[in-house]
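1. this one's structure only:
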Ligand code: WT7
């Protein structure tokens, strides 16, 4: 710290020398990008191969009631052809995907662009043979195996719309998503090893399909060869069909605004929303951010450790890197298996150049001691990145010193499922880092800080309020699947004329953005986004539960933990056994990621006279911060609060 009193980290001269964007160029490019988006994006849209070039670049409207977002709207392209076919002539024998299996002793696979092309074509032909047509939805419920990428690209190739459901979600969550998007088929695997444990994906899918139309087909990737049940006529062995399918399948010309995928994400109310991303703008944005934010160069090995079940995996394992002709690493396992050195062992083994992970993973590894990092040769690394939540200074310093040896730029990237790609992030050769800040906007992004109550822009620095975006960018979500009204109500109603992010934010004297966390009822648990309402509705679905209120609380490793206040039905005994039972219940209703960290019995919940639960108070109690409870005089029964505090302390 002493030699860096301001805590500002500049890129090295060597990094700057090789960087796509050096210190002077960022400002210049940024200014053009926001002052003349038509010209800027008209130019950068050319990074893709278009079957019919676009003549119209931007056609967007943020007015509530008339929200409409279109980019490159008259252009025609195929996303899979951009991610695969166009690289064949120049880099057909280059590795497109490195697959590192869960078991460190199993052999890694190196899939070349030529091989990727063949696999994607064969998978596309299998989908066609199953009657999947342009615009049909395909749900993908797969672990981190190459077939997940083949399936995504096969859908894109024939114009089907994929919706990936994270393999950690429960059968119920899977069924809801299959039904909401009206999927024609689901692609799954027999079982999935992860961290040495096995998830029974096929049997989860069987359970889900009990709640879906009996027309939904089930394509099974026999990954481990484990025994599963098999329903003839419904279940299909994908690998067997791929072997006999034709190795070529023409890419279907698609409109830039045709949907590419739907990805479900949690909001503050109701069931998860199907975020819709389209083909042209999304791919331009994913590819461009992958190149500039990570300063990716031809020949680099890029590793994003996220899961393809989240948007990070969509944009930075599959679409962004492959559109750029990169070598992208796909890791089936977890950071701590077989030991806490796995990430670094994989970096050494595959000579990774850029590594991108989540603060929660860093915090989990920090506690295991420096020796797990020090024993590996990490000299191939040129840049580190983080995503998912604000990174705390301890984690930042550990990442910087132990992994980066104090020499590598660290990019802290703020973005969302809704934004398709990075929104606020340092451009590493140009923008010095301040630990904990996502720094400055990406090209074409106009972030503003709004007064939360008035909705007016706060000009000048420093500033604090809620984070909104003043104009559209190509990677922006276009709608909520089947519910455009909900799209407008969620993002454009509260602050007219802006896209509202749901995050609080501070802007410092230098104009750097510091995300302070969600201002709504969304929580971020180990980088997984969850609506507290979802956990509440799972709890109240239990026969013994009368009422439940769920809030986030600070958790050393997960960032936020799940704290549940539960009121039992009259006559039900609050026992430890019931607590365990409720934990298990939530796990099976939503999935293991939603398991409560703490359940507190609440004979009553703090409510206003109109019956609204005052979550502010519940959050404070969960945080152990009773001094700051604020005004409780509007409560119908203020004594409820004392009771909750007492029980919290007795815990
Ligand atoms: C929410 C979006 C898109 C990637 C993964 C999460 C939080 C994300 C950061 C960051 C502070 C961050 C925000 C955002 N978030 N990145 N670098 N610094 N907070 O996507 O599941 O859609 O969640 O994650 O609160 O709103 P997501």
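-> Alright, I've got the coordinates. Treat the numbers as computed from the prediction; the structure is a model and nothing was measured.
2. how about the strands in the stretch 101-250 of the chain?
-> Counting by DSSP state E, counting those that start in this stretch, the stretch 101-250 of the chain has strands at residues 109-112, 137-141, 161-164, 185-189, 192-194, 197-199, 217-221, 235-237.
3. quick one: closest of those to the ligand.
-> Judged by Cβ to the nearest ligand atom, the one of those that comes nearest to the ligand is strand 161-164, at 13.2 Å. C-betas here are computed from N, CA, C, even on glycine.
4. among the strands of the stretch 101-250 of the chain, which comes closest to residue 258?
-> Among these, strand 161-164 comes nearest to residue 258, with 8.3 Å by Cβ to Cβ.
5. what's the closest of the strands of the stretch 101-250 of the chain to residue 41?
-> Residue 41 lies closest to strand 161-164 among these, at 23.8 Å (Cβ to Cβ).
6. list of residues touching that closest one?
-> With contacts defined as Cβ atoms under 8 Å, 6 or more residues apart in numbering, strand 161-164 is touched by 135-142, 148, 151-152, 155-156, 177, 181, 183, 259-264, 274, 308-309, 313-314.
7. got JSON lines for the strands of the stretch 101-250 of the chain, with mean neighbour count and distance to residue 281 too?
-> Converted to JSON lines, the strands of the stretch 101-250 of the chain look like this (neighbours: other Cβ atoms under 10 Å; distance: least, Cβ to Cβ, whole Å):
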{"stretch": "strand 109-112", "mean neighbour count": "17", "distance to residue 281": "28"}
{"stretch": "strand 137-141", "mean neighbour count": "26", "distance to residue 281": "20"}
{"stretch": "strand 161-164", "mean neighbour count": "25", "distance to residue 281": "15"}
{"stretch": "strand 185-189", "mean neighbour count": "27", "distance to residue 281": "26"}
{"stretch": "strand 192-194", "mean neighbour count": "21", "distance to residue 281": "32"}
{"stretch": "strand 197-199", "mean neighbour count": "13", "distance to residue 281": "34"}
{"stretch": "strand 217-221", "mean neighbour count": "23", "distance to residue 281": "29"}
{"stretch": "strand 235-237", "mean neighbour count": "17", "distance to residue 281": "34"}
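8. could you dump those strands to TSV with distance to the ligand and mean pLDDT?
-> As requested, these are exported to TSV (distance: least, Cβ to the nearest ligand atom, whole Å; pLDDT from 0 to 100):
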stretch	distance to the ligand	mean pLDDT
strand 109-112	25	98
strand 137-141	18	98
strand 161-164	13	98
strand 185-189	22	98
strand 192-194	20	96
strand 197-199	21	94
strand 217-221	26	98
strand 235-237	32	98
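9. the nearest residue to residue 306 once chain neighbours are set aside and the ligand, how far apart?
-> Excluding the flanking residues, the one nearest residue 306 by Cβ to Cβ, 6 or more residues apart in numbering is residue 312, at 3.7 Å. From residue 312 over to the ligand the distance is 5 Å, taken as Cβ to the nearest ligand atom, to the nearest Å.
10. how about the strands of the stretch 101-250 of the chain in a markdown table, adding distance to residue 54?
-> Formatted as a markdown table, the strands of the stretch 101-250 of the chain follow (distance: least, Cβ to Cβ, whole Å):
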| stretch | distance to residue 54 |
| --- | --- |
| strand 109-112 | 31 |
| strand 137-141 | 26 |
| strand 161-164 | 21 |
| strand 185-189 | 32 |
| strand 192-194 | 40 |
| strand 197-199 | 43 |
| strand 217-221 | 34 |
| strand 235-237 | 38 |
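11. what's the closest of those to residue 447?
-> Per Cβ to Cβ, nearest to residue 447 of the strands of the stretch 101-250 of the chain: strand 161-164, 28.0 Å.
12. tell me which stretches of the stretch 451-600 of the chain form strands.
-> Applying DSSP E, counting those that start in this stretch to the stretch 451-600 of the chain gives strands spanning 463-469, 479-480, 499-507, 513-518, 522-525, 528-531, 545-555, 559-568, 598-601.
13. for those, give me TSV that also has mean neighbour count and distance to residue 350.
-> Below are the strands of the stretch 451-600 of the chain laid out as TSV (neighbours: other Cβ under 10 Å; distance: least, Cβ to Cβ, whole Å):
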stretch	mean neighbour count	distance to residue 350
strand 463-469	21	36
strand 479-480	23	38
strand 499-507	21	34
strand 513-518	18	31
strand 522-525	22	29
strand 528-531	22	26
strand 545-555	21	32
strand 559-568	24	28
strand 598-601	18	39
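14. which stretch among those comes nearest residue 61?
-> Comparing the strands of the stretch 451-600 of the chain by Cβ to Cβ, strand 499-507 comes nearest, at 11.7 Å.
15. what residues are up against residue 181?
-> Residue 181 makes contact with 137, 139, 161, 163, 262, 274, 481-482 under the criterion Cβ under 8 Å, 6+ apart.
16. quick one: residues contacting the nearest residue to it once chain neighbours are set aside.
-> The shortest distance from residue 181 to any non-neighbouring residue, by Cβ to Cβ, 6+ apart, is to residue 137 (4.5 Å). Listed by Cβ under 8 Å, 6+ apart, the contact set of residue 137 reads 160-163, 181-184, 262.
17. out of the contacts of residue 181, which two sit at the greatest distance?
-> Between all members of the contacts of residue 181, the farthest pair (by Cβ to Cβ) comes out as 139 and 482, at 14.8 Å.
18. could you pull up the mean pLDDT of stretch 541-558?
-> Stretch 541-558 shows a mean pLDDT of 94.
19. off-centre distance for that stretch?
-> Its chain's C-alpha centre and that of stretch 541-558 lie 22 Å apart, by Cα atoms, centre = their mean, to the nearest Å.
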